[in-house]
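Quick one, what's the 3D model for this:
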Amino acid sequence: MHASILRACLASLTLSLAGLAQAATDWPERPIMLVVPFGAGGITDLTARTVAKQLQAELGKPVVVENKPGAGGNIAADIVARAKPDGYTLMVITNGMVAVNPLLHKQLNYDALKDFAYVSMIANTPLALVVPESSSIQDLPALVARARSRPDAVSFASSGQGTSIHQVFALMQQQTGATLMHVPYKSGAEAATALLSDVVDVTAVETVVVGPFIQSGKMRALGVTSAQRVSNLADVPAARETLGGEFDVGSISGLVAPAATPRNILDKLERAMQAVARSEGMAQLYAQGSQPMPTGSQVFLERMREEQKKWRLVFSAEPGK
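Reported below is the predicted structural model:
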């Protein structure tokens with residue numbers, strides 16, 4: 001009797017595993033959801049929508065973008081970490097979600113390195129530190145001097161705790177001894193709106209989207225956060241030129257899936273992302289100020305580990321810590 005039950009269970013398990021294997025082999029058979037952990041209008045959203053369009057062309061199935069903002073990306077990360085690992089739920093993750101959020105939020109419901117399968121990096125987008133055109137602050141040294149002389153009197157808007165904008169100002173404070181008041185929002189678009197509405201004194205906007213604000217006379221760029229000047233803002237100095245020291249900060253984005261996603265699905269995704277990186281759509285994003293990054297899962301994972309080491313040193317010394 002027991003032997004019969006065991007054989008039946010084994011047979012059922014074999015059939016289930018065979019079904020799963022066949023499903024993975026046939027993937028994708030239906031639309032794929034690509035989760036964006038921030039609101040619409042920011043660089044992560046723009047990058048995700050560009051990738052979705054190109055990925056759809058490569059895979060032959062719709063790739064639907066769904067924004068799930070909040071808590072610096074933690075809400076979306078928790079959802080995707082717990083999603084069924086069948087290749088139909090993916091997410092664009094950022095270096096801040098991997099390297100900074102665990103330092104700021106001690107009770108996360110996910111482990112950034114263990115709960116996701118890292119598919120490929122997408123892009124690194126530097127930022128421009130900006131003030132309203134009406135501001136009396138003309139350059140970064142003036143901003144730093146004011147924040148030093150009046151701690152917390154100068155406010156900056158970010159797209160959330162741990163995001164690339166927050167990283168920019170945390171690094172600046174560490175390197176200069178200035179103290180600014182942090183006002184977090186749910187997206188870079190909201191942070192920019194706060195600046196234009198005179199709610200805050202300064203923010204940082206990704207180089208890909210800041211151009212029209214500067215050209216229209218609404219914002220003044222004080223510096224860019226890349227190691228060198230960027231081509232579409234050639235007259236704006238790199239922050240390191242005026243502040244000294246190393247100042248290389250960007251929003252590094254990449255594609256992830258739930259950790260237990262079958263290997264052959266991940267391999268298909270990785271190959272597709274190699275083609276996406278060479279696509280015309282991504283070329284346009286790179287031309288606007290984003291920088292291409294190496295593709296592949298292993299280099300992605302290694303870079304995120306490096307980001308963890310880098311930002312641990314910065315945020316452990318952030319004012320208020």
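
Can you pull the phi/psi pair for the closest residue to Pro31 other than its chain neighbours?
Distances taken as CB to CB, 6 or more residues apart in numbering place Pro62 nearest to Pro31, at 4.1 Å, with adjacent residues excluded. (Each C-beta comes from the backbone N, C-alpha and C, glycine too.) Main-chain torsions, Pro62, degrees, to the nearest 10: phi -60, psi 140.

Low-confidence stretches in the stretch 1-150 of the chain?
1-23 (pLDDT under 70).

What segments of it are helices?
2-26, 43-59, 74-81, 95-99, 101-104, 140-149 (DSSP state H, counting those that start in this stretch).

So what touches the shortest one?
Contacts of helix 101-104 from elsewhere in the structure, counted by CB atoms under 8 Å, 6 or more residues apart in numbering, are 72-74, 77, 108, 112, 161-162, 308, 311-312, 315-316.

Could you pull up the residues touching Tyr286?
123, 292.

ditto for Ala287
Asn232.

now do 7 Å
Neighbour list for Ala287: empty [criterion: CB atoms under 7 Å, 6 or more residues apart in numbering].

Now do it against Asn232, distance only.
8 Å (CB to CB, to the nearest Å).

Next, the angle helix 43-59 makes with the helix or strand harbouring Ala283.
Using DSSP states H and E, Ala283 maps to helix 280-287. Interaxial angle of helix 280-287 relative to helix 43-59 (axes from the mean of the first three to the mean of the last three CA atoms, to 10 degrees): 150 degrees.

Paired strands for the next helix or strand after helix 280-287, with orientation please.
Note on helix 280-287: by DSSP H and E, the next helix or strand toward the C-terminus is strand 291-292. Sheet partners assigned to strand 291-292 using DSSP bridges are listed as strand 116-132 (antiparallel).

Give me the buried positions along stretch 283-303.
285, 288-290, 293, 295-297, 300-301, 303 (16 or more other CB atoms under 10 Å).

One more: stretch 24-35?
24, 27-28, 32-35.

what comes into contact with it?
Counting by CB under 7 Å, 6+ apart, 48, 52, 59, 61-66, 68, 76, 79-80, 87-92, 262, 264-265, 268 sit against stretch 24-35.

change it to 6 Å
48, 52, 59, 61-66, 68, 76, 80, 87-91, 262, 264-265 (CB atoms under 6 Å, 6 or more residues apart in numbering).

filter the residues you listed to the buried ones?
So, by 16+ other CB under 10 Å, the buried ones in the contacts of stretch 24-35 are 48, 52, 59, 63, 65, 68, 76, 80, 87-91, 262, 265.

and the angle for the host helix or strand of Asp267 with helix 280-287?
Assigned by DSSP H and E, Asp267 belongs to helix 263-277. Between helix 263-277 and helix 280-287, the angle comes out at 60 degrees (the same axes, to 10 degrees).

ok, and for helix 263-277, which residues are buried?
For helix 263-277, by 16+ other CB under 10 Å, it's 265-266, 268-270, 272-273, 276-277.

do stretch 120-134 as well
In stretch 120-134, counting by 16+ other CB under 10 Å, buried: 120-132.

do the same with stretch 195-208
195-196, 200-208.

For these, work out which two are farthest apart.
Asp201 and Val208 (23.1 Å; CB to CB).
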